[in-house]
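J.: Dropping a prediction and its sequence here:
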Amino acid sequence: MKKLMLLAAVAVFGLTNVTAQETTFGAKAGVDLASSKVEVEGISVTGSETGFYVGVFAQIGLSDEFAFQPEVMYVSVTDASEIHIPLMANYSVSEEFSILAGPALGILTDSAEGFSSFNYGIEAGASYDISEQFLVEARYSLGLANLVEDAPDGVSAKLSGFYIGVGYKF
């Protein structure tokens, strides 16, 4: 687990050697409104839980409007915890308002037997800079991975989440 977190941090912060207009680092935390969807032979059951997330990010400027924003977050809800790694494109609509979108990878830290520990999906959302240091954000993460290992046809389990939080740029 420690090796995995170190590898993720190196991946995020190792990208800062890229020649860019500006690179900013930060930390974030907030609420995760998680949902799960289980389907068995056409019958669908959904559930939801509230948890939290905390993590770090880098904004690597590519142009005046675009930045690459890799993140490493720890996400926890009652029934599942995950190391969440979004790789976001950040498009600045104005000096304060940005739109975010991109793929996300996840490693479930406490998956049960018969369930995969690898999750992936796509995310989209928005961020608003309150000041040069503080921001607020909201985003939706759509889980695409079937977390049931060797699932027979018609059986699937997927995790998604709606994140609302604050961040601080160093």
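T.: Ah, there it is.

J.: Once you drop chain neighbours, what's closest to residue 101?
T.: residue 124 (4.5 Å; Cβ to Cβ, 6 or more residues apart in numbering). Just so you know, the C-beta spots here come from the backbone N, C-alpha and C atoms, and that holds for glycine as well.

J.: Please apply the same query to residue 170.
T.: Closest to residue 170 by Cβ to Cβ, 6+ apart is residue 25, at 5.0 Å.

J.: Model confidence score at residue 63, please.
T.: pLDDT for residue 63: 94.

J.: ok but it is inside a strand, no?
T.: No - read with DSSP: H, G, I helix; E, B strand; the rest coil, residue 63 is coil and lies in no strand.

J.: one step back: measure the residue nearest to residue 170 to residue 53 for me?
T.: 17 Å (Cβ to Cβ, to the nearest Å).

J.: What of residue 164?
T.: Using Cβ to Cβ, residue 164 is found at 10 Å from residue 53.

J.: likewise residue 117?
T.: 18 Å.

J.: Looking at the two, which is more packed in?
T.: More neighbours surround residue 53 than the other of residue 117 and residue 53, with 22 against 15 (other Cβ atoms under 10 Å).

J.: show me the contacts for the nearest residue to that one once chain neighbours are set aside.
T.: With Cβ to Cβ, 6+ apart as the criterion, residue 53 has its nearest non-adjacent residue at 4.5 Å, and that residue is residue 75. With contact taken as Cβ atoms under 8 Å, 6 or more residues apart in numbering, residue 75 is in contact with 32, 34, 51, 52, 53, 81, 82, 83, 84, 106, 161.

J.: which SS state does the closest residue to residue 48 other than its chain neighbours fall under?
T.: Among residues not flanking residue 48 along the chain, residue 35 sits closest, at 4.6 Å (Cβ to Cβ, 6+ apart). The local conformation at residue 35, judged by three-state DSSP, is strand.

J.: do residue 163 as well
T.: Under three-state DSSP, residue 163 comes out as strand.

J.: So in terms of bridging, what pairs with it?
T.: Under the criterion DSSP bridges, residue 163 forms beta bridges with residue 32, residue 139.

J.: what sits against it?
T.: Residue 163 neighbours (Cβ under 8 Å, 6+ apart): 30, 31, 32, 33, 53, 125, 137, 138, 139, 140, 141.

J.: Helices along the chain, start to end?
T.: All helices of the chain, identified by DSSP state H, fall at 2-14.

J.: give me the low-pLDDT residue ranges for it?
T.: 1-20 (pLDDT under 70).

J.: Now do the same contact list for the residue minimising distance to the centre of it.
T.: Centroid-nearest residue in the chain, with Cα atoms, centre = their mean: residue 86, separated by 4.2 Å. Applying Cβ under 8 Å, 6+ apart to residue 86 gives the contacts 69, 70, 71, 73, 102, 103, 104, 123, 141.
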